[in-house]
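Trainee: Structure for the following, please:
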Amino acid sequence: MKNILYIALCAVILFLGYRMFFPSSAGTKTDFSERTIICFGDSLTYGTGAGEDMDYPSQLSQMIGQPVINAGVPGDTTDRALQRLEQDVLVESPDLVLITLGGNDLKNGVAKDRAFENLRLIVNSIQNTGARVILGGIQFPVRDRGYGRAYQELADDTGVILIPNIFAGIMGNRKLMSDPIHPNNAGYKIMAEKFYEAMNQL
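Mentor: Below you'll find the model as predicted:
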């Protein structure tokens, strides 16, 4: 009888030790319940080219099982996004903000330094409220103009979680694009999955 109790006690100690040093992967996912999550950006956030409720914020909402605010405006540059940051983001007291901005600056020929100074102000303003930031970078190999590197530098300086190229595996794949610039439903699902994976790094 004593041997059985001894073996059982050892098993419990070993189990607790294992759970302490090797926690279950199921328990490592971040719980986003009761968190205010805002997706802030341009047409990629708004969901141009997507069907109803198939933009990436809506698909992300389904993945985490709670509402996500879509604060995307088609055509937004970092200048215009900065102007509406207070009313569309900060007044909501978010816990987490996912950003896709910079593509229209690049397309419109905005100087890299100006675009990323705006992005830095946006990120710093959000972080000053205590919210976390995930930044979806954009890379266009032919006309990148240093934007890809600038996203990384911004992430290094501010500590945001960076998805270096939110378009990776989507851009150029006709099955995932609704037009040369915007994803379709399936493409936005991949974007949502990338943000979801980044969220779990928190």
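Trainee: I'd guess residue 71 is in a strand, am I close?
Mentor: Yes - the assignment for residue 71, made by DSSP: H, G, I helix; E, B strand; the rest coil, places it in a strand.
Trainee: How many residues are close by it?
Mentor: Residues near residue 71, counting by other CB atoms under 10 Å, number 24. In this view, the C-beta of every residue, glycine as well, is placed from N, C-alpha and C.
Trainee: now do residue 146
Mentor: Neighbours of residue 146 (other CB under 10 Å): 12.
Trainee: One more: residue 141?
Mentor: 9.
Trainee: Got the confidence number for it?
Mentor: Predicted confidence (pLDDT) at residue 141: the value is 70.
Trainee: What's the separation between the closest residue to residue 40 other than its chain neighbours and residue 122?
Mentor: In space, and not counting its chain neighbours, residue 40 is closest to residue 71: 4.7 Å by CB to CB, 6 or more residues apart in numbering. Residue 71 sits 12 Å away from residue 122, going by CB to CB, to the nearest Å.
Trainee: Show me the common contact partners of these two, please.
Mentor: By CB atoms under 8 Å, 6 or more residues apart in numbering, residue 71 and residue 122 have these common neighbours: residue 40.
Trainee: In contact with residue 54, which residues are there?
Mentor: 47, 185, 188-189.
Trainee: Adding secondary structure and distance to residue 66, write these out as JSON lines.
Mentor: JSON lines is the format used below for these (DSSP: H, G, I helix; E, B strand; the rest coil; distance: CB to CB, whole Å):
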{"residue": "47", "secondary structure": "coil", "distance to residue 66": "18"}
{"residue": "185", "secondary structure": "helix", "distance to residue 66": "21"}
{"residue": "188", "secondary structure": "helix", "distance to residue 66": "18"}
{"residue": "189", "secondary structure": "helix", "distance to residue 66": "18"}
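Trainee: Helices of this structure, residue ranges please.
Mentor: In the chain, the segments counted as helices under DSSP state H are 2-21, 43-46, 56-64, 78-88, 103-107, 112-127, 147-158, 185-199.
Trainee: okay, the ones you listed, which one's buried deepest?
Mentor: Most buried of the helices of the chain, by mean neighbour count (mean count of other CB atoms under 10 Å): helix 43-46, with a mean of 24.
Trainee: Off-centre distance for that one?
Mentor: 13 Å (CA atoms, centre = their mean, to the nearest Å).
Trainee: any idea of the mean pLDDT for stretch 87-98?
Mentor: 98.
Trainee: Would you mark the buried spots in that stretch?
Mentor: Judged by neighbour count (16 or more other CB atoms under 10 Å), stretch 87-98 contains these buried residues: 88-90, 92, 94-98.
Trainee: got a list of contacts for that stretch?
Mentor: By CB under 8 Å, 6+ apart, stretch 87-98 touches 32, 35-41, 45, 57, 60, 69, 71, 125-126, 129, 131-134, 136, 195, 199, 202.
Trainee: rerun that using 7 Å as the cut-off
Mentor: 35-40, 69, 71, 125-126, 129, 131-134, 136, 195 (CB atoms under 7 Å, 6 or more residues apart in numbering).
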